[in-house]
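Visitor: Build the 3D model from these lines:
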Amino acid sequence: MIIVVTGAGGPTGEAVSGYFRKNGHTVIEVGKQHVDLLDRAAVQALADGVEGEHGRVDGVVHLVGGWRASSSFAETSLDDWDLLHDLLIRTLQNVSLAFEPLLRRSDDGRFVIVSAKAAERPSAGGAVYAAAKAAAEAWTLALADALRGTHSAATILVVKALVNDAMRAASPGAKFSGFTDVNDLAAAIGGLYDRPAAEINGTRLDLTS
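Guide: Now for the predicted structure:
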């Protein structure tokens, strides 16, 4: 399979890319140093390039993240909203719009984002983060509707937060209760290919339960 991982820098991207490579798939890692995901034309050129080189795309795992919070609702900074809008929403829009035609033609395609429990129960100080995640979910569900009737699916994986070995090493006394390990996330993404597209298209899979 040909798997594109956007926002591939960092431990989460490494875990997801490593999982698919270990299982014999071709992984195209896209980080800030490769393509500006806020540039719609650049992202389209990326998709066209992948199609030209490989002829198809079987998966897009969108991992661009970001987090901002305030100490209270009244102290929320709309500058934080602008930042998260770009990171969590605009990049998703550009990537999904560019790759949707390829996913529609795939024999077994998957588009995946990682969302957060915060989108379901926003805290007073987490308004901008929760709202951005909720918007990203809505956009992904619209993509799922576009993929309905094809062999591809758009799926939302929900976590409380992610944890990796470096975080554990930096805070050896922390319990990270309810956090999802990045390797478990990678396995969950891979597992989406074991289920029919119609079964998981437009679904939110909660990895915290």
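Visitor: show me where the chain has strands.
Guide: 2-6, 26-30, 59-62, 110-116, 153-159, 162-163, 180-181, 203-206 (DSSP state E).
Visitor: Distance-wise, check the closest residue to residue 57 other than its chain neighbours relative to residue 31.
Guide: Closest residue to residue 57 apart from its sequence neighbours, by C-beta to C-beta, 6 or more residues apart in numbering: residue 102 at 4.1 Å. C-beta: built from backbone N, CA, C; applies to glycine. To residue 31, residue 102 is 20 Å away according to C-beta to C-beta, to the nearest Å.
Visitor: Looking at those two, which is more packed in?
Guide: Per other C-beta atoms under 10 Å, whichever of residue 102 and residue 31 has more neighbours is residue 102, with 22 against 16.
Visitor: Please tell me I have it right and that one contacts residue 47.
Guide: Yes - contact status for residue 102 versus residue 47: in contact at 6.4 Å, counting by C-beta atoms under 8 Å.
Visitor: Can you work out which residues contact both of the two?
Guide: residue 57 (C-beta atoms under 8 Å, 6 or more residues apart in numbering).
Visitor: quick one, which of the strands of the chain is packed in tightest?
Guide: strand 59-62 (a mean of 27; mean count of other C-beta atoms under 10 Å).
Visitor: Please put the alpha-carbon coordinates of it into CSV.
Guide: What follows is strand 59-62, C-alpha atoms only, in CSV (Å, rounded to 0.1, in the frame of the first residue of the first chain):
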residue,chain,number,x,y,z
GLY,A,59,-4.1,5.9,3.0
VAL,A,60,-3.7,9.4,4.3
VAL,A,61,-3.0,9.7,8.0
HIS,A,62,-3.2,13.4,9.0
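Visitor: Mind listing residues that contact that strand?
Guide: So strand 59-62 is contacted by 1-7, 16, 20, 91-92, 95-96, 99, 103, 109-113, 189, 193 (C-beta under 8 Å, 6+ apart).
Visitor: Likewise for stretch 44-53?
Guide: By C-beta under 8 Å, 6+ apart, the list of residues contacting stretch 44-53 from outside reads 2, 4, 28, 30, 34-35, 57, 97-99, 102.
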